[in-house]
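>>> Structure here, sequence nowhere to be found:
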């Protein structure tokens, strides 16, 4: 499992370097931490009569922790993040590890003035592993979007507040289970170096 996540993250980093065709020396690299409140939801297929029915089976909400690294140049930002969720709800323990590559566009960016408040829209793609105590263990790709705002506290410190939503294609055939989506409200702090 860890090898799959590592290989996927390596491919995303290499793909991200192809995206950064502009002069990299002008971009502002950063590292950061993030914490959020995440909800993960999946379902199982149940045979009922003639047609199978897709019924919500497991949903959990808890704290998600993460690390991120990236670069920002003018109105664009590229971020590679790794998040971990460990929830315990209704006597069901569940966790996930998620690696994401995201691209954000700051739509009120101005070249003329210093922007301390920068709203953005973005997309994300990555890989996720989900496990639960009811014998569910699945991995798959995730993709989605985010919306948020970046506050520049100082020249070296940024505060990030966003909502991130990602769909998944992860399934476990022997349980007829699938992971549907993950939604997170995320607070982050970035150090620009």
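Structure received. This one's a predicted model, so the numbers in the text were calculated from it and none came from an experiment. Numbers count the residues shown, from 1 in each chain.

>>> count of neighbours near residue 108?
For residue 108, the neighbour count with other CB atoms under 10 Å is 11. C-betas here are computed from N, CA, C, even on glycine.

>>> The protein: strands as residue ranges?
In the chain, the segments counted as strands under DSSP state E are 28-48, 51-73, 76-89, 92-106, 117-132, 136-152, 157-168, 171-172, 177-192.

>>> May I see those arranged in a markdown table, with mean pLDDT as well?
Shown next, in a markdown table, are the strands of the chain (pLDDT from 0 to 100):
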| stretch | mean pLDDT |
| --- | --- |
| strand 28-48 | 83 |
| strand 51-73 | 78 |
| strand 76-89 | 89 |
| strand 92-106 | 90 |
| strand 117-132 | 93 |
| strand 136-152 | 92 |
| strand 157-168 | 95 |
| strand 171-172 | 80 |
| strand 177-192 | 91 |
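
>>> With mean neighbour count added, can I get the ones you listed in a markdown table?
As requested, those are exported to a markdown table (neighbours: other CB atoms under 10 Å):
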| stretch | mean neighbour count |
| --- | --- |
| strand 28-48 | 17 |
| strand 51-73 | 16 |
| strand 76-89 | 19 |
| strand 92-106 | 20 |
| strand 117-132 | 19 |
| strand 136-152 | 17 |
| strand 157-168 | 18 |
| strand 171-172 | 17 |
| strand 177-192 | 19 |
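
>>> tell me the contacts of the residue most central in space within the chain?
Of all residues in the chain, the one closest to the mean position by CA atoms, centre = their mean is residue 100, 5.0 Å from it. Listed by CB atoms under 8 Å, 6 or more residues apart in numbering, the contact set of residue 100 reads 79, 80, 81, 82, 83, 124, 125, 126, 142, 166.

>>> and which of those residues is nearest to residue 133?
When these are compared for distance to residue 133 (CB to CB), residue 83 comes out closest, at 20.3 Å.

>>> And that closest one, how far from residue 135?
For residue 83, the distance to residue 135 equals 23 Å [CB to CB, to the nearest Å].

>>> which non-adjacent residue is nearest the residue nearest to the centre of the chain?
Nearest in space to residue 100, with sequence neighbours left out and distances taken as CB to CB, 6 or more residues apart in numbering, is residue 126 at 3.7 Å.

>>> ok, what's across the strand from that neighbour?
Partner residues in beta bridges with residue 126, using DSSP bridges, are residue 100, residue 142.

>>> wait, isn't it in contact with residue 99?
Yes. At 4.9 Å, residue 126 and residue 99 qualify as touching, with contact defined as CB atoms under 8 Å.

>>> for the contacts of residue 100, which one is nearest residue 116?
Using CB to CB, residue 79 is the member of the contacts of residue 100 that sits closest to residue 116, with 19.7 Å.

>>> From what I see, residue 68 and residue 29 are in contact.
No. The pair formed by residue 68 and residue 29 falls short of the contact definition of CB under 8 Å, at 11.4 Å.

>>> one step back: generate a markdown table for the contacts of residue 100, with distance to residue 190 as supplementary columns.
What follows is the contacts of residue 100, written out as a markdown table (distance: CB to CB, whole Å):
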| residue | distance to residue 190 |
| --- | --- |
| 79 | 9 |
| 80 | 13 |
| 81 | 11 |
| 82 | 15 |
| 83 | 15 |
| 124 | 17 |
| 125 | 21 |
| 126 | 19 |
| 142 | 22 |
| 166 | 21 |
